[in-house]
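Colleague: Model the following, please.
(chains A, B, C and D, ligands or ions: 4)
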2 protein chains.
Amino acid sequence: MTRSEENYLKTIFHLGGGNATSISTNAIAEQMETKPSSVTDMAKKLSEKGLVNYKKYQGVSLTDEGKKTALSIIRKHRLWEVFLVEKLDFTWDEVHEVAEQLEHIKSEKLIDKLDELLNYPKYDPHGDPIPSKDGKFMERDKQLLSELPLNSEGVCVGVKDSSAPFLKFLDKNKIALGNTIEVLEKEDFDQSLRIRMEDRELRISHQIASNLYVKKNQ
Amino acid sequence: MTRSEENYLKTIFHLGGGNATSISTNAIAEQMETKPSSVTDMAKKLSEKGLVNYKKYQGVSLTDEGKKTALSIIRKHRLWEVFLVEKLDFTWDEVHEVAEQLEHIKSEKLIDKLDELLNYPKYDPHGDPIPSKDGKFMERDKQLLSELPLNSEGVCVGVKDSSAPFLKFLDKNKIALGNTIEVLEKEDFDQSLRIRMEDRELRISHQIASNLYVKKNQ
DNA sequence: TTTAAAATTTAGACAAATCTAAAAATTGGT
DNA sequence: ACCAATTTTTAGATTTGTCTAAATTTTAAA
Ligand SMILES: [Mn+2]
Ligand SMILES: [Mn+2]
Ligand SMILES: [Mn+2]
Ligand SMILES: [Mn+2]
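Modeller: Ligands and ions are numbered 1, 2, ... in the order given. The predicted model follows:
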């Protein structure tokens, strides 16, 4: 497995939402900031290796083997993110870039021991689930804050957009995972929300609300 | 800096003993298990970048910039080795291979924070000194056990050969860094030694004694 | 059903890092 | 100082992953 192959598998997994959906070469190219022709080349190679199903003009989907590999890389990525935050005091907007490198380190013992050191975390700093050694993971019961009904309460459990600018914005406004949120008012005009977050009241735009995951109480 | 360039710089540094000695392409090729012609190509490239001094048929030596880069990679390698042993319970014969990968991760913050987590260690698990952020390090005052005079006492502080087989041999015989050693007898015939190690007495071959570093007491 | 736009693949090129085989330079023994 | 062995470099090829430009296929609108 080369680094490039691993990155393709990961991208295909993410675009397919974990299912065996067929993904277009264009979609992969856009996501990876490369050219469709490069994707076609790699599709052939991964197909040769039995990691993806590929038929000309029909897009790409992961085989069981490919999915297994993708999940093991995602496991490594997320465990390293936890390590960086928990053990090295990185902020959640700093970890992704470094984890993109660390996820390619090859050593089963390393990742098992890291898992142990971190006390077998279930979620990464952005609220995304960490697959177990055998590729299983539980997607949390969650919904977008923008879809939480008026007057209901929930706990902030993840972000949809985990780009540094968004995460920094949340930090600046003291919005963190684990916080309790209640929807006080929904503005018809621009779908902005007035919310109670812990003991403060604040107004947030629809764009923010539709990138924050909450778990509804009850 | 590509991974390959970094590995060349590290090898040149090690072969030159840290000095600006000129190293032959053949020596580099042998050490890196590659071909001399590949080394020539890389020598030209590194020379272009100002990291080595290279004149045809004259071998290669590190520039100040090249030395600085080599030391930063060695710093990363050794800090990761300490991490693997101290935090993840790796044995000292397992760490090198993984550290060879980890040393190429690019993040200054990562390595500074790792240093902090490990409480600024001065030596790696094999007794080798860890360069500071600015490339300074102290070679320990040490000598080979085979050169320790009869009846003198010392502390085991490092290994010359840090290959897995040798390290495993030491483990099996409960010889570890920090142990106290006294030379009880030197056999003329085969230069083997009879030593006291902590509270045991044992006989070791010249080959072993000439790969163990000790710091003489007083 | 035809056809224009969009998506996808193919063909050919390139950079990085490597190799083999051949040529050139250096070295050391006489 | 010469020659033969050794070392080192050059030339040309290969692999991996990428690109551009052109050709092909699919799609979807008229
Ligand atoms: Mn990430
Ligand atoms: Mn994450
Ligand atoms: Mn090492
Ligand atoms: Mn070491």
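Colleague: so which strand or helix has A:Val39?
Modeller: Assigned by DSSP states H and E, A:Val39 belongs to helix A:36-48.
Colleague: quick one: contacts for A:Val214?
Modeller: A:Lys142, A:Gln143, A:Leu144, A:Leu145, A:Leu148, A:Gly154, A:Val155, A:Cys156, A:Val157, A:Ile181 (C-beta atoms under 8 Å, 6 or more residues apart in numbering or on different chains). Placement of C-beta: from N, CA and C, glycine included.
Colleague: Kindly reformat these as JSON lines containing neighbour count.
Modeller: As requested, these are exported to JSON lines (neighbours: other C-beta atoms under 10 Å in any protein chain shown):
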{"residue": "A:Lys142", "neighbour count": "18"}
{"residue": "A:Gln143", "neighbour count": "14"}
{"residue": "A:Leu144", "neighbour count": "14"}
{"residue": "A:Leu145", "neighbour count": "23"}
{"residue": "A:Leu148", "neighbour count": "23"}
{"residue": "A:Gly154", "neighbour count": "23"}
{"residue": "A:Val155", "neighbour count": "15"}
{"residue": "A:Cys156", "neighbour count": "22"}
{"residue": "A:Val157", "neighbour count": "19"}
{"residue": "A:Ile181", "neighbour count": "26"}
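Colleague: And those residues, which is closest to B:Lys186?
Modeller: A:Val157 (68.8 Å; C-beta to C-beta).
Colleague: who's in contact with the spatially most central residue of chain A?
Modeller: For chain A, A:Asp128 is the residue whose C-alpha lies nearest the centre (C-alpha atoms, centre = their mean; 5.2 Å). Contact partners of A:Asp128, counting by C-beta under 8 Å, 6+ apart, are A:Arg78, A:Gly158, A:Ser162.
Colleague: so of these, which ones are in strands?
Modeller: A:Gly158 (DSSP state E).
Colleague: want to try CSV for the contacts of A:Asp128, with pLDDT and distance to B:Asn119 as columns?
Modeller: Formatted as CSV, the contacts of A:Asp128 follow (pLDDT from 0 to 100; distance: C-beta to C-beta, whole Å):
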residue, pLDDT, distance to B:Asn119
A:Arg78, 98, 27
A:Gly158, 97, 34
A:Ser162, 94, 32
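Colleague: Assign a three-state SS to A:Ser132, would you?
Modeller: Under the three-state scheme (DSSP: H, G, I helix; E, B strand; the rest coil), A:Ser132 adopts coil.
Colleague: hang on, the earlier thing: and the two most separated of the contacts of A:Val214?
Modeller: A:Leu144 and A:Val155, at 13.7 Å, using C-beta to C-beta across these.
Colleague: State the pLDDT value of the residue nearest to A:Leu46 when sequence neighbours are not counted.
Modeller: Spatial nearest neighbour of A:Leu46, excluding adjacent residues (C-beta to C-beta, 6 or more residues apart in numbering or on different chains): A:Val52 at 4.4 Å. If you check A:Val52, the pLDDT there is 96.
Colleague: Need phi/psi at A:Val52.
Modeller: Dihedral pair for A:Val52: phi -140, psi 160, per degrees, to the nearest 10.
Colleague: What's the local residue count around it?
Modeller: When neighbours are counted by other C-beta atoms under 10 Å in any protein chain shown, A:Val52 registers 27.
Colleague: so it touches A:Ser61, yeah?
Modeller: Yes - counting by C-beta atoms under 8 Å, A:Val52 does reach A:Ser61; the two are 6.4 Å apart.
Colleague: Which residues are in contact with A:Ala70?
Modeller: Applying C-beta under 8 Å, 6+ apart, we find A:Ala70 in contact with A:Leu9, A:Lys10, A:Ile12, A:Phe13, A:Leu62.
Colleague: Relative to A:Trp92, which of those residues is nearest.
Modeller: A:Lys10 (19.6 Å).
Colleague: Give the buried residues for the helix or strand the closest one falls within.
Modeller: Counting by DSSP H and E, the element that carries A:Lys10 is helix A:3-15. For helix A:3-15, a neighbour-count test (16 or more other C-beta atoms under 10 Å in any protein chain shown) marks A:Glu5, A:Glu6, A:Asn7, A:Tyr8, A:Leu9, A:Lys10, A:Thr11, A:Ile12, A:Phe13, A:Leu15 as buried.
Colleague: What of stretch A:48-65?
Modeller: A:Leu51, A:Val52, A:Asn53, A:Tyr54, A:Gly59, A:Val60, A:Ser61, A:Leu62, A:Thr63.
Colleague: next one: stretch A:198-214
Modeller: Those would be A:Ile204, A:Ile208, A:Ala209, A:Asn211, A:Leu212, A:Tyr213, A:Val214, for stretch A:198-214 by 16+ other C-beta under 10 Å.
Colleague: where's the last one relative to A:Glu153, distance?
Modeller: Taking C-beta to C-beta, to the nearest Å as the measure, A:Val214 falls 9 Å from A:Glu153.
Colleague: Common neighbours of the two, please.
Modeller: Joint contacts of A:Val214 and A:Glu153 (C-beta under 8 Å, 6+ apart) are A:Ile181.
Colleague: got the phi/psi numbers for the residue in chain A sticking out farthest from the centre?
Modeller: Farthest-out residue of chain A from its mean C-alpha position, per C-alpha atoms, centre = their mean: A:Phe189, at 30.9 Å. Note on A:Phe189: its backbone torsions stand at phi -50, psi -50 [degrees, to the nearest 10].
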